[in-house]
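Asks: Would you be able to build a 3D model of this:
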Amino acid sequence: MTIHEQIVQDVETVTQDTLLRLKLFDFLQFLKATLPQQPNRDKILSHAGTIDDNEAKEVLRIIHDEFNRIDGEWH
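Replies: Residues are numbered from 1 along each chain as shown. Here you go, the predicted structure:
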């Protein structure tokens, strides 16, 4: 029996019990959270070309105006 087949069999057995099913779900969520982040390059590139040059310049101007100054006292 392969590891995959054993996992499927174990999951089928465990999921018959509600408490064990919840524990298994929590454990799987924990494992997923500890996985290294996958690059999102393709998702980002899917937005390429969705704004024109003038809109991009406006976004850069707003970022520069709003985030390149210090409000209040500097300590």
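Asks: helix or strand right after the helix ranked longest in the chain?
Replies: Longest helix in the chain, counting residues (DSSP state H): helix 18-34. The helix or strand immediately downstream of helix 18-34 is helix 41-45, counting by DSSP states H and E.
Asks: That following helix: how far from the chain's middle?
Replies: Distance of helix 41-45 from the chain centroid (C-alpha atoms, centre = their mean, to the nearest Å) equals 13 Å.
Asks: And it, what does it pack against?
Replies: Using 3 or more C-beta pairs under 8 Å, 6 or more residues apart in numbering; DSSP states H and E, no helix or strand is in contact with helix 41-45. Glycine gets a C-beta too; all of them are placed from N, C-alpha and C.
Asks: CA atoms of it as CSV?
Replies: The C-alpha trace of helix 41-45 is given here as CSV (Å, rounded to 0.1, in the frame of the first residue of the first chain):
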residue,chain,number,x,y,z
ARG,A,41,4.4,36.2,-9.6
ASP,A,42,1.8,34.9,-12.0
LYS,A,43,-1.0,36.5,-10.1
ILE,A,44,0.8,39.8,-10.1
LEU,A,45,1.7,39.6,-13.8
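Asks: Not counting its own residues, what contacts it?
Replies: Helix 41-45 has contacts (C-beta atoms under 8 Å, 6 or more residues apart in numbering) with no other residue.
Asks: Averaged pLDDT, it. What do you get?
Replies: Averaged over helix 41-45, pLDDT sits at 87.
Asks: so where is the chain shaky, pLDDT-wise?
Replies: 74-75 (pLDDT under 70).
Asks: Tell me which residue is most central in it.
Replies: Central residue of the chain (C-alpha atoms, centre = their mean): Gln37, 7.2 Å from the mean position.
Asks: now what about the host helix or strand of Ala56, what contacts it?
Replies: Assessed by DSSP H and E, Ala56 sits inside helix 53-67. Residues outside helix 53-67 that contact it (C-beta under 8 Å, 6+ apart) are Ile51.
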